[in-house]
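*Asks:* Following is a predicted model, sequence given first.
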Amino acid sequence: MSERVMSIIESMVPASEVYSIDEAFAGLTGVPGDLTAFGRRIRANILKCTGIPVGVGIGPTKTLAKLANHTAKRLLSYTSGAVDICDLHNRNWVLRNTAVSEVWGVGKKMNAHLEAMNIRTAMDLATADPRTLRERFSVVIEKTARELAGTSCLELGEAAPPKQEICCSRMFGKRLTTIQPIKEAVATYTQRAAEKLRSQNSLCKKIRVSIR
């Protein structure tokens, strides 16, 4: 099913990059018209052909596109599954209203370090001094900050550093009173997390399952 989704995306955009089992980036250079409407057409086509609801995020950098995607899914009833933050006004709203912990590549440890510097939102990170971030942490977090500020540091096809934490989760649409659907969900999302782990050629020390 993942291959089917990726093939649909590839057929609709000028260039694409499969990032993981359930994520892809696409280059939209030359796509005419309203990009939000275009994103919704991609979403609708995937839903029609596979039955899978996806989120589409559009931005001038990979990190901003990921952030837009997160917002599209988080505020689904308002966004219809697609968000474009190429516009500075929309981008700033998303940056101000997104915790830094939700930014692509910011794990729990890095989040704690950033919050200790009073960097609590994506906007705080976007406006932080990149050189200070490089000196205190690494070039990786510096690039993240620059990407949030609109400067592209990761081109299409260029891999981001391996994730230190991988999370696959879902929300149940109703209250569950039997164990079987929970077992199925745990099995499915454990498999998906393992596929992501293998795709970046990594190993793990701990596995945590949380249900609420």
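*Replies:* The structure has been received and is ready for your questions. Residues are numbered from 1 along each chain as shown.
*Asks:* show me the contacts for Ala126.
*Replies:* 95, 145, 148-149 (C-beta atoms under 8 Å, 6 or more residues apart in numbering). Every residue, glycine included, has its C-beta placed from N, CA and C.
*Asks:* Let me have those in TSV, extended by pLDDT, neighbour count and distance to Ser77.
*Replies:* Formatted as TSV, the contacts of Ala126 follow (pLDDT from 0 to 100; neighbours: other C-beta atoms under 10 Å; distance: C-beta to C-beta, whole Å):
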residue	pLDDT	neighbour count	distance to Ser77
Leu95	98	22	21
Ala145	97	26	31
Leu148	97	27	26
Ala149	96	18	29
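*Asks:* Adding distance to Tyr189 and secondary structure, write the residues you listed out as a markdown table.
*Replies:* Formatted as a markdown table, the contacts of Ala126 follow (distance: C-beta to C-beta, whole Å; DSSP: H, G, I helix; E, B strand; the rest coil):
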| residue | distance to Tyr189 | secondary structure |
| --- | --- | --- |
| Leu95 | 29 | helix |
| Ala145 | 30 | helix |
| Leu148 | 28 | helix |
| Ala149 | 33 | coil |
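*Asks:* Dump the residues you listed to TSV, plus distance to Ala82.
*Replies:* Listed next are these as TSV, based on distance: C-beta to C-beta, whole Å:
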residue	distance to Ala82
Leu95	18
Ala145	26
Leu148	20
Ala149	23
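*Asks:* which one among those gets closest to Ser20?
*Replies:* Within the contacts of Ala126, the smallest distance to Ser20 is 20.7 Å, found for Leu148 (C-beta to C-beta).
*Asks:* Now the phi/psi pair for the residue nearest to that closest one when sequence neighbours are not counted, please.
*Replies:* Setting aside the residues directly before and after it, Leu148 is nearest to Ala126 in space (C-beta to C-beta, 6 or more residues apart in numbering), at 3.7 Å. Dihedral angles of Ala126 (phi, psi; degrees, to the nearest 10) stand at phi -60, psi -30.
*Asks:* Give me the contact list for the helix ranked longest in the chain.
*Replies:* Ranked by residue count, the top helix of the chain under DSSP state H comes out as helix 180-199. Around helix 180-199, the neighbours that count as contacts under C-beta under 8 Å, 6+ apart are 20-22, 163, 166-170, 172, 176, 203-204, 207, 209, 211.
*Asks:* Report the rounded mean pLDDT for that helix.
*Replies:* Taken as a whole, helix 180-199 has an average pLDDT of 81.
*Asks:* ok so, going back, biggest separation within the contacts of Ala126, which pair?
*Replies:* Leu95 and Ala145 (11.2 Å).
*Asks:* so where do the helices sit in the chain?
*Replies:* Assigned by DSSP H, the helices in the chain fall at 2-12, 35-50, 62-74, 76-79, 88-96, 108-116, 122-126, 130-136, 139-148, 180-199.
*Asks:* Leaving out the residues flanking it, which one is nearest to the residue nearest the centre of the chain?
*Replies:* By C-alpha atoms, centre = their mean, the chain has its centre lying nearest to Lys66, at 3.6 Å. Closest residue in space to Lys66, ignoring its immediate chain neighbours: Trp104 at 4.2 Å, by C-beta to C-beta, 6+ apart.
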